[in-house]
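Trainee: Kindly generate the corresponding structure for this input.
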Amino acid sequence: MARGRLRIYLGAAPGVGKTYAMLAEGQRLRARGVDVIVGFVEPHGRRPTAAMADGLETTARRTLSHRGALFTEMDLDAVLARRPQVALVDELAHSNVPGACNAKRWQDVEELLDAGIDVVTTLNVQHLESLNDVVRQITGVTQRETLPDEVARRADQIELVDLPPEVLRRRMVHGDIYAPDRIESALTHYFRVGNLTALREIALLWLADRVEEGLQRYRAEHGIVAPWETRERILVSLSGGPEGETLIRRAARISARTPGTELLALHVVLEDGLVDVEPAVLDAQRTLLESLGGSYHQTTGEDVVDALLQFAEAENVTQIVLGASRHGRLASLLRAGVGERTIKGSGPIDVHIVTHREAAGSAVLRLPHPSRGTGPRRYWTALAGAVVLLPVLTLLLTAVRGHLDLSSDLVIYLLVVVVVALVGGLYPALLAAIAAALLADYYFVAPVHSLAIERPDAITALVVFIATAALVGTAAGTAAQRTHQAVRATSEARALSRLAAAMMRGQDLTALVEQIRENFGIGAISLLERDPEASPVPRWYVVASAGERPPEKPYEADVESPVDDNLTLAVRGSGLSTEDRRVLAACAAELGLAHARGRIAGCPDGTDVFADAERTRASLLLAAGRDLRAPLHTAEEALVRLGSRHSGETVPDETQLLDVARAAVHRAAQLVTDLDDVSRLHAGALDLYLRPVDLNEMLGAALDDLGPGGHSIILRLPEQLPDVIADAALLTRALTALGADALRHSPSDRPPVFTAEVHVGRVRIRVEDGTRDRGPEASPEAFRAPGSRADSLAVRLSRDLAEAMDGTLETAVESPGFSVTLTLPTSAPGRTATSGRNE
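Mentor: This is a model prediction of the structure:
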């Protein structure tokens, strides 16, 4: 049986019209005679969405019980038994109620697809697993229901349902998305323009990547190698030389001319491992590239050009940026450069050759540099050996001229060339080979004591000798270079392992610094730390040092190896090669780790912070448990009395008992919500939107949230109350929590009092309950005791919310009773109260 096809309507946020578009597609398919049913649709009370489902066959939902409540889910077995051609299933990332066939709805969809049923579904981009942390950072909301990206990637078709943020917010204001009581909170939090714009960009980019994957899959299936210029992709070839930064900046300028261009950089590591590249140079170039919006890549290959072109074809590159060759004219004549060979093999890919200061000059004659594999000392030793050995050998061969022929003389000369190559590498060997050929021609080829050659076979012998000497010298020099590199790598690894072992044994920084000084044979070394508070003149302190007269400032050192912005390793002493400095940088990094570890071990403040957080969490749980006992006990008592009705006992009105139980459960649910908000606020995950708000409206909203029930609250407010700077939703929550707490502790004949007073730049809202003259339980000691009113969850929540809005909350125990004062900044400082009124 062929697997069904999956079609996803993707949206950036709730309310863009995904479900509506899915139902419209169902209506279109039904009109064409396709067997379509609605497996599950959640219209969320939106009338246009519900109307679009009219006329579509709908499968009855399955009812499940979980923790005493009833829930409905898609009846998977019924849909499979019905076997339609197409099933419409809403909310692909939904988590099913325990007891359903599968834990996730996407698993239900997989079963439908395996049964050969096509599925049309909906998905919000914030539910994708790979984007969960990004969305949380933007919106401050953690999505509990997530979908593995691979499920969405396997979809046969993904269609974006898109709306501009302004249009989506307008729909929200008109009540087309959420209920009226949620509109204000949604507009000031999740549905802010910035959030919606960021989510929209994420959805577009994610979908663009899926389109790119489909295009690459199509090109691979059809064997299309030539790049398709659907998007400009510029590739920079980095050799590790100093010209890399010039190439990156030039490529970035080219990329900036065309919006949507992708910038890449590639460094090819040859498989023989003989190319010497400074890691620090590549790291700096990579940092520059990423700061300009590019991505860095590295590959291994036998040839730079082949690896470069293979990568360009695989990534659908349209332009390649190369640096002009650093090789001279002679090297270019012997072998075409990277740029020339890349141009010949690039095909439709444009190649830019960029000049730079390191490019070879036509009129500059450069002497060969000593090989990095052998070092300058061995290089000059080999040249000196050639200068001494060749004349001595020529004198010896001249003495036995009659006993040896030309071939024997050349073989003996070849032995000297090999010795020179083993000591100094390729260039001394080539010079020795040319000098040996000239000496053999002058002393042993007729006419003697002349560079002229009479016999053609002598010319052939000398040419073959030079070629053989060059090849043997190259092989010997390569072997010597590899041997030197292996020995040095072993030494570097041994030095780093010794330092790491010393760190594991817990040696102090002074001993570690002394070990580094001994390893490199330097005169003095210091680990310096900069005082971050000292400005503008930096102030440095010596953390650890070794040797005579260690440097106390970075500028006093001959070599400096920074660890971070405030820590550096300063060395006094010359003779450190580039390789030594690279290893020194690794040692400096290990010293930085040791220093940080020692600071953490010596500073208990970090553990104190965690201990304080744990104590805060424990106290919150205790406060929540204490506050939850009363409403739960009330609800239990009302339900028990209601149940006794069936035993023949006389009980109050059933409706009254249900109202009591309902109110108690609502209070318990509100406490759980308060606890969740406090936890989110402490974790920094509660989003704030501070703006001028009307305090009269906030007080009215708080009274509405307290609900009916015959409660009395006295309001004493000034005639002209300025706006305060606050988050409207959070301020309402704080006022509601304080009001509910005051009502709960006030007798029926002594209602709580809300008083507002305006001072310079701030408004004070005082909440007093009616606990005056209540005897010993209203004493100040009772209020201040652990687990008292001042430590209740409502007061703690209100205090945390006030501090988050740049306000304060203070509690006071006076002879009349308990009071709370909430202070917030005003948007019009300097306004004072004129009179008050009671309500």
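
Trainee: Where does the prediction get shaky in the stretch 301-450 of the chain?
Mentor: Where the stretch 301-450 of the chain drops to pLDDT under 70, the residues are 326-336, 357-376.

Trainee: Go again with 90.
Mentor: Where the stretch 301-450 of the chain drops to pLDDT under 90, the residues are 301-307, 310-318, 323-350, 354-450.

Trainee: Repeat that for the stretch 51-200 of the chain.
Mentor: Using pLDDT under 90, the stretch 51-200 of the chain drops low at 64-72, 97-101, 126, 128-146, 149-150, 153-154, 162-198, 200.

Trainee: The same query, at a cut-off of 80, please.
Mentor: 67-68, 132-133, 142, 174-175, 179-182, 184-186, 188-189 (pLDDT under 80).

Trainee: Do a quick rundown of the helices in it.
Mentor: For the stretch 51-200 of the chain, helices defined by DSSP state H, counting those that start in this stretch occupy the ranges 76-82, 105-114, 132-139, 149-153, 165-173, 180-188, 193-221.

Trainee: so Asp114 makes contact with Leu6?
Mentor: No. Between Asp114 and Leu6 there is no contact, the gap being 11.2 Å when judged by C-beta atoms under 8 Å. For the C-beta atoms, the positions are set from N, CA and C on the backbone; glycine is no exception.

Trainee: Okay, strands next: where are they in the stretch 401-550 of the chain?
Mentor: 524-530, 540-547 (DSSP state E, counting those that start in this stretch).

Trainee: With mean neighbour count, distance to Ser185 and mean pLDDT added, can I get those in CSV?
Mentor: Compiled in CSV, the strands of the stretch 401-550 of the chain are given as follows (neighbours: other C-beta atoms under 10 Å; distance: least, C-beta to C-beta, whole Å; pLDDT from 0 to 100):
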stretch, mean neighbour count, distance to Ser185, mean pLDDT
strand 524-530, 23, 47, 87
strand 540-547, 18, 51, 85
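
Trainee: JSON lines for those strands, including distance to Leu591?
Mentor: Below are the strands of the stretch 401-550 of the chain laid out as JSON lines (distance: least, C-beta to C-beta, whole Å):
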{"stretch": "strand 524-530", "distance to Leu591": "6"}
{"stretch": "strand 540-547", "distance to Leu591": "8"}
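
Trainee: Arg764 is in contact with Pro825, isn't it?
Mentor: No. The pair Arg764 / Pro825 is not scored as a contact, 11.2 Å apart, by C-beta under 8 Å.

Trainee: circling back: what about Asp114 and Leu6, which has more around it?
Mentor: Leu6 (23 against 12; other C-beta atoms under 10 Å).

Trainee: Can you give me the neighbour number for Ala314?
Mentor: Residues near Ala314, counting by other C-beta under 10 Å: 13.

Trainee: What of the one 5 residues further on?
Mentor: Other residues near Gln319 number 21, with proximity taken as other C-beta under 10 Å.

Trainee: and the closest residue to Ser712 other than its chain neighbours, what element?
Mentor: With sequence-adjacent residues excluded and distances taken as C-beta to C-beta, 6 or more residues apart in numbering, Ser712 is closest to Pro751, at 3.8 Å. Following DSSP states H and E, one finds Pro751 outside all helices and strands.

Trainee: Just read off the phi/psi values of Pro751.
Mentor: phi -70, psi 150 (degrees, to the nearest 10).

Trainee: Output the strand or helix carrying Glu245 as PDB, restricted to C-alpha atoms.
Mentor: Secondary-structure assignment from DSSP H and E places Glu245 in helix 244-256. What follows is helix 244-256, C-alpha atoms only, in PDB (Å, rounded to 0.1, in the frame of the first residue of the first chain):
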ATOM      1  CA  GLY A 244      42.700  36.300   3.900                       C
ATOM      2  CA  GLU A 245      41.200  39.300   5.600                       C
ATOM      3  CA  THR A 246      41.500  41.300   2.300                       C
ATOM      4  CA  LEU A 247      39.600  38.600   0.500                       C
ATOM      5  CA  ILE A 248      36.900  38.300   3.100                       C
ATOM      6  CA  ARG A 249      36.200  42.000   3.100                       C
ATOM      7  CA  ARG A 250      36.100  42.100  -0.700                       C
ATOM      8  CA  ALA A 251      33.700  39.200  -0.800                       C
ATOM      9  CA  ALA A 252      31.500  40.900   1.800                       C
ATOM     10  CA  ARG A 253      31.300  44.000  -0.300                       C
ATOM     11  CA  ILE A 254      30.300  41.900  -3.300                       C
ATOM     12  CA  SER A 255      27.700  40.100  -1.200                       C
ATOM     13  CA  ALA A 256      26.200  43.300   0.100                       C
END
